[in-house]
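Colleague: sequence first, then the predicted structure, then my questions.
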Amino acid sequence: MSPLWPYALVGAATGAALAWLGGRLVLLTRSGQVALWLAILIAFAAEGWVWGALLTLCVLASGLATHFRRPYKAYVTGLYGAQSAQDWLQVAARFGWPAVLAILSAAVHRGDYLIAFVGALATASADIWATELGMLYRKDPLLITTRRPAPHGTPGAVSLMGVTAAVGATWLVGFVGLVFASLQSWAAQQGVSRDLLWLPLAALLGGMVGNLTDSLLGAAAQAYYYCEICNRYTDQPRHTCGRPTSQVRGWPWMTNEMVDLVSAVVGAAVTVGVAILLAQSRWTW
Ligand SMILES: [Zn+2]
């Protein structure tokens with residue numbers, strides 16, 4: 001296999017460009033920019049262009065979904081501009097596990113953890129697309145546990161628009177992963193591994209289980225607070241107005257970032273499990 005240092009340079013440049021764009025559109029704080037740059041650099045440097053390009057596309061699509069009709073979403077959630085910019089912890093919660101998988105994969109046997117990587121990215125993309133596009137849906141989403149309407153942006157609240165966006169995102173991440181892996185095999189004049197042919201379906205099922213985990217943990221376990229001054233719910237112990245809030249449900253340590261991380265790990269594991277089952281099945285193309 002070819003040396004990876006040219007990819008490290010491409011990763012450093014691509015990561016810098018995306019971090020710059022994220023800062024320019026106020027989607028990322030300074031620490032969020034550094035974390036994103038690092039994640040993209042790691043994916044390219046550890047595993048080459050397939051992993052790097054896939055992460056880059058997921059980040060771009062997530063940024064696009066977040067930027068789309070942002071003033072309207074700020075109006076429905078009460079989070080304006082810099083208040084909703086992602087810091088390093090929020091970036092790491094979504095793209096940290098994929099970056100760790102890239103390092104582990106490079107350490108064990110190059111390319112081995114691609115299916116888990118795709119599953120983690122499918123889960124992260126599904127969560128972002130469901131949240132961002134779900135907010136554009138006129139009707140209030142329903143809390144997954146009680147099926148009662150909840151304000152937009154409530155952890156664990158789901159909408160038809162959000163679920164549709166999640167299904168589309170998970171399948172697309174798997175499909176693009178398959179296309180990229182096929183191109184790489186074709187360029188190296190090798191056949192595509194049969195395990196990978198099921199990647200779009202495995203990513204769809206694994207990503208949706210990861211997304212469901214996100215919603216269930218968000219509704220049942222995530223710490224959630226209320227600001228009596230602003231009459232708003234928030235996932236932060238201190239509201240953006242600067243005043244302390246009172247906790248209404250969840251465990252204090254089960255933060256939004258913890259929910260994202262657990263979902264990414266579950267989504268990656270289920271994607272691998274589904275891919276193994278499908279590859280062993282008797283179904284043929
Ligand atoms: Zn407040």
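Modeller: All right, it came through fine.

Colleague: tell me the contacts of W20?
Modeller: W20 is in contact with Q33, counting by C-beta atoms under 8 Å, 6 or more residues apart in numbering. Where you see a C-beta, it was placed from the backbone N, CA and C, and this is true even at glycine.

Colleague: what's the answer for N211, then?
Modeller: The neighbourhood of N211, defined by C-beta under 8 Å, 6+ apart, consists of T123, A126, D127, A130, A166, T170, S263, G267.

Colleague: now with 7 Å?
Modeller: For N211, the contact set (C-beta atoms under 7 Å, 6 or more residues apart in numbering) comprises T123, A126, D127, A130, A166, S263.

Colleague: what's the distance between it and L172?
Modeller: Taking C-beta to C-beta, to the nearest Å as the measure, N211 and L172 are separated by 14 Å.

Colleague: for the stretch 101-250 of the chain, just list every one of the helices.
Modeller: Per DSSP state H, counting those that start in this stretch, the stretch 101-250 of the chain carries helices over the ranges 114-134, 160-187, 199-220.

Colleague: quick one: contacts for L38?
Modeller: For L38, the set of contacting residues under the criterion of C-beta under 7 Å, 6+ apart is empty.

Colleague: what of L104?
Modeller: Residues touching L104, when contacts are defined by C-beta under 7 Å, 6+ apart, comprise Y113.

Colleague: so which bits of the helix or strand where G63 lies are buried?
Modeller: Here G63 is covered by helix 49-67, with elements defined by DSSP states H and E. Of the residues in helix 49-67, those with enough neighbours to count as buried (16 or more other C-beta atoms under 10 Å) are 49-59, 61-63, 65-66.

Colleague: before we move on, what about stretch 248-258?
Modeller: The neighbour-count criterion (16+ other C-beta under 10 Å) identifies G250, M254, T255, N256, E257, M258 as the buried residues of stretch 248-258.

Colleague: contacts for the host helix or strand of the last one, please.
Modeller: The one in question is M258. Using DSSP H and E, M258 sits within helix 256-280. Contacts of helix 256-280 from elsewhere in the structure, counted by C-beta under 7 Å, 6+ apart, are 89-90, 93-94, 97, 101, 115-116, 118-120, 122-124, 127, 155, 194-195, 198-199, 201-203, 205-207, 209-211, 213-214, 217-218, 222, 235.

Colleague: so how far is it from its chain's centroid?
Modeller: Taking the mean of its C-alpha atoms, helix 256-280 sits 12 Å from the chain's own mean (C-alpha atoms, centre = their mean, to the nearest Å).

Colleague: buried residues, that helix. List them.
Modeller: Buried residues in helix 256-280, counting neighbours by 16+ other C-beta under 10 Å, are found at 256-275, 278-279.

Colleague: what does the protein have sitting close to the ion?
Modeller: Applying the criterion C-beta under 5 Å from the ion, the portion of the chain that neighbours the ion consists of C227, I229, C230, H239, C241.

Colleague: so which of these sit within strands?
Modeller: Within these, residues falling in strands by DSSP state E are C227.

Colleague: which one is the spatially most central residue of the chain nearest to, not counting chain neighbours?
Modeller: A centroid search over the chain (C-alpha atoms, centre = their mean) returns A124, at 1.5 Å, as the residue closest to the centre. Take A124 and drop its neighbours on the chain: the residue closest to it by C-beta to C-beta, 6 or more residues apart in numbering is R94, 4.3 Å away.

Colleague: ok, the one you found - how many residues close by?
Modeller: R94 has 27 neighbouring residues, counting by other C-beta atoms under 10 Å.

Colleague: assign it to helix, strand or coil.
Modeller: R94 falls in the helix class when you classify it by DSSP: H, G, I helix; E, B strand; the rest coil.

Colleague: quick check: the residue of the stretch 1-150 of the chain nearest the ion.
Modeller: Across the stretch 1-150 of the chain, the shortest distance to the ion (C-beta to the ion) belongs to G78, at 8.8 Å.
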